[in-house]
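1. Got a sequence here, can you build the structure:
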Amino acid sequence: MHRTAIALAVVASIGSSVALSNVQAGDWLQFRGANGRGLAVGTGPLPGEIAPDKHVVWKTPLAPGHSSPVIAGNRIFLTAVRDGKLLTMGLDRASGNVLWEVEAPHETLEEIHRIGSHAQSSPATDGKFVVSFFGSSGLYCYDVSGRPLWNHRMGPFKNDFGAGSSPLIEGDVVILGQDHDTDSFLAAYDKATGRELWRTDRSEFPRNYSSPVIWSVGGRKQVVCAATLRIVGYDFDTGHELWTVRGISRFVSATPVVGDDGTLYVAGWANGGDVGGEKITFPPFAEFAAEFDKNKNGTFEEDELPDGPVKMRFSQVDRDKTGSITKLEYEYFQKLFSDGRNLVLAIRPGGSGDITETHVLWTYDRHVPFCASPLYTEGRLFTLKDGGILTCLDAKTGLPLKKARLAAAGDYYSSPVAGDGKLYLVTELGQLTVISNAGDWQELFTAEFGENVYATPAIVDGKIYLRTAGHLYCFGVDGK
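-> Reported below is the predicted structural model:
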């Protein structure tokens, strides 16, 4: 990995740096907005019915990408992929017009999931700097006009599902967490210069897709990462581990959320980890090897394996990508499947070391979401499981207030967002549902967008910004 002071050429630029701070009342500066909470910022009523032909302020064709829009002042920032080029884009917030694009160079595009994208990570901004991350290329910082400032070249990582965790900007620091099959890390960079401030080794963790969040406890900031089998809080200034909670799923895709009650809420789901469900088990290595290690070399090659949980996850179990599964790799994954538990957890602040027994307020083990992050609002925690099962929990007790299946019973990669007494939920296939923000929530409206949706909407100043597979929409009351 290396850093250069200025790299890349601006493909198209609006010219000199633009002041953004006083143009609009609200900003949506990272994935899911302020500290990843998914709550509307700014003021203004929101339309209760949004669809391709309802309350549209503007609609802009957009290159493909799964990243979610971030907003500062009069600009929207996104990443995308066009003709194999990794792009960061700046759009005009009032019109949706694309003002500039900058390409991040790469030597090799990494493998991605069959429904994935090379632009999965959402950018972050503070209204002066824009930070984008592409696993195949690395971390890039621009000013709001698209002028390159610094970069750290990285990737491709050893992970055939690609990179998905998003960076964040907190004060003068950029935080980036990346968990892959090898060489996982959490790092902090000076946002103005790109200088690495600290780096924490997380090599114990294989691939995860949850993004870090900031948790302020006792006047000090922590960086929280939810990942394989445990949740960890790190010191913001040093990257040192402060505390851990054990007993979560074998990998985590949903991003935690901090409620305005100061409690941390985390959800983790992986196949085979449902409490009380059918567990995926691996036989002891010696027993498995006696039957399937045909060449008796002490490892498993893919063509030796029978159909089943090991072969279907060969690329994950083979963490170092040598083409063989060693005894150590096999037994590591055996432990992940035996110990992983699909849960929603509430963790109270404070404490150090292993706080599993002392600071977990409650756990809930039903209908745990996979990718859709939990949403905290007004003392309630909403979770959305694939298949459209929406659960509202009492945030203090973890007891369910209402649980029901939505009419849009698909998979959810987009996370719920809320504003003006409503929640907005979108399936992978572009089925949108609006529900009431209440313990006994009700479906208010549904719509079909006819395009896949992986990005999470942004809600700022009475406008909803929704990215589909081919467009970015802006919605507002009366379409203005």
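
2. which residues in the stretch 51-200 of the chain form strands?
-> Using DSSP state E, counting those that start in this stretch, the strands of the stretch 51-200 of the chain run over 56-61, 70-72, 75-82, 85-92, 98-104, 124-125, 129-134, 138-143, 148-153, 168-170, 173-178, 185-190, 196-201.

3. Show me the one of the ones you listed that comes nearest Glu448.
-> With Cβ to Cβ, the closest approach to Glu448 among these belongs to strand 56-61: 14.5 Å. All C-beta spots, glycine's among them, are computed from the backbone N, C-alpha and C.

4. Adding distance to Lys385 and mean pLDDT as columns, could you present the strands of the stretch 51-200 of the chain in CSV?
-> Formatted as CSV, those follow (distance: least, Cβ to Cβ, whole Å; pLDDT from 0 to 100):
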stretch, distance to Lys385, mean pLDDT
strand 56-61, 30, 98
strand 70-72, 26, 98
strand 75-82, 28, 98
strand 85-92, 32, 98
strand 98-104, 34, 97
strand 124-125, 28, 98
strand 129-134, 28, 98
strand 138-143, 32, 98
strand 148-153, 36, 97
strand 168-170, 26, 97
strand 173-178, 24, 98
strand 185-190, 28, 98
strand 196-201, 32, 98
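
5. So which of these is nearest Gly430?
-> So among the strands of the stretch 51-200 of the chain, strand 56-61 is nearest, using Cβ to Cβ, at 13.8 Å.

6. What separation is there between the closest residue to Ile459 other than its chain neighbours and Leu425?
-> Nearest residue to Ile459 in three dimensions, chain neighbours excluded: Ala40, at 3.8 Å (Cβ to Cβ, 6 or more residues apart in numbering). Distance of Ala40 to Leu425, given as Cβ to Cβ, to the nearest Å: 15 Å.

7. now His66
-> Taken as Cβ to Cβ, the span from His66 to Leu425 is 17 Å.

8. Check Tyr465 too.
-> Distance, Tyr465 to Leu425, by Cβ to Cβ: 16 Å.

9. Wait, the residue nearest to Ile459 touches Pro457, no?
-> No: proximity of Ala40 to Pro457 does not meet the contact threshold set by Cβ atoms under 8 Å, at 10.0 Å.

10. which neighbours do the two share?
-> Jointly contacting Ala40 and Pro457 under the rule Cβ atoms under 8 Å, 6 or more residues apart in numbering are Val417.

11. you'd agree Ala289 is in a helix?
-> Yes: assignment of Ala289 by DSSP: H, G, I helix; E, B strand; the rest coil places it within a helix.

12. and it, what does it touch?
-> Counting by Cβ under 8 Å, 6+ apart, Ala289 has contacts Gly298, Phe300, Lys327.

13. okay, now Val217: neighbour count?
-> 18 (other Cβ atoms under 10 Å).

14. Next, the contact list for it, please.
-> Counting by Cβ under 8 Å, 6+ apart, Val217 has contacts Gly233, Gly262, Pro349, Gly350.

15. Contacts for stretch 109-117 next, please.
-> Applying Cβ under 8 Å, 6+ apart, the external contacts of stretch 109-117 come out as 64-67, 81, 84, 118, 120, 135-136, 155-157, 159-164, 428, 454.

16. start to end distance for that stretch?
-> The first and last residues of stretch 109-117 sit 10 Å apart, counting by Cα to Cα, to the nearest Å.

17. Return the set of buried residues in that stretch.
-> By 16 or more other Cβ atoms under 10 Å, the buried positions in stretch 109-117 come out as Leu109, Glu110, Glu111, Ile112, Gly116, Ser117.

18. Same check on stretch 233-242?
-> So, applying 16+ other Cβ under 10 Å, buried residues of stretch 233-242: Gly233, Tyr234, Phe236, Gly239, Glu241, Leu242.

19. Does the fourth one touch Thr200 like I think?
-> It stands for Gly239. Yes: using Cβ under 8 Å, Gly239 is in contact with Thr200, at 3.9 Å.

20. and for those two, which residues touch both?
-> Leu186, Ala187.

21. circling back to that earlier point, need the strands of the stretch 51-200 of the chain in CSV with distance to Gly36, can you?
-> Output for those, formatted as CSV (distance: least, Cβ to Cβ, whole Å):
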stretch, distance to Gly36
strand 56-61, 25
strand 70-72, 11
strand 75-82, 16
strand 85-92, 20
strand 98-104, 23
strand 124-125, 10
strand 129-134, 15
strand 138-143, 18
strand 148-153, 22
strand 168-170, 8
strand 173-178, 12
strand 185-190, 16
strand 196-201, 20
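
22. Retrieve the pLDDT associated with Val11.
-> Predicted confidence (pLDDT) for Val11: 31.

23. Quick check: mean pLDDT of stretch 314-322?
-> 93.

24. Quick one: residues in contact with it.
-> Residues from elsewhere that reach stretch 314-322 (Cβ under 8 Å, 6+ apart): 158, 160, 181-182, 206-207, 302, 305, 310, 324-325, 329-330, 332-333.

25. measure that stretch end to end?
-> End to end - Cα to Cα - stretch 314-322 spans 11 Å.

26. Okay, buried residues for it please.
-> Buried, per 16+ other Cβ under 10 Å, within stretch 314-322: Ser315, Gln316, Val317, Asp318, Arg319.

27. quick one: which of these sit in helices?
-> Ser315, Gln316, Val317 (DSSP state H).

28. and these as a markdown table, adding distance to Tyr376?
-> Formatted as a markdown table, those follow (distance: Cβ to Cβ, whole Å):
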| residue | distance to Tyr376 |
| --- | --- |
| Ser315 | 35 |
| Gln316 | 31 |
| Val317 | 35 |
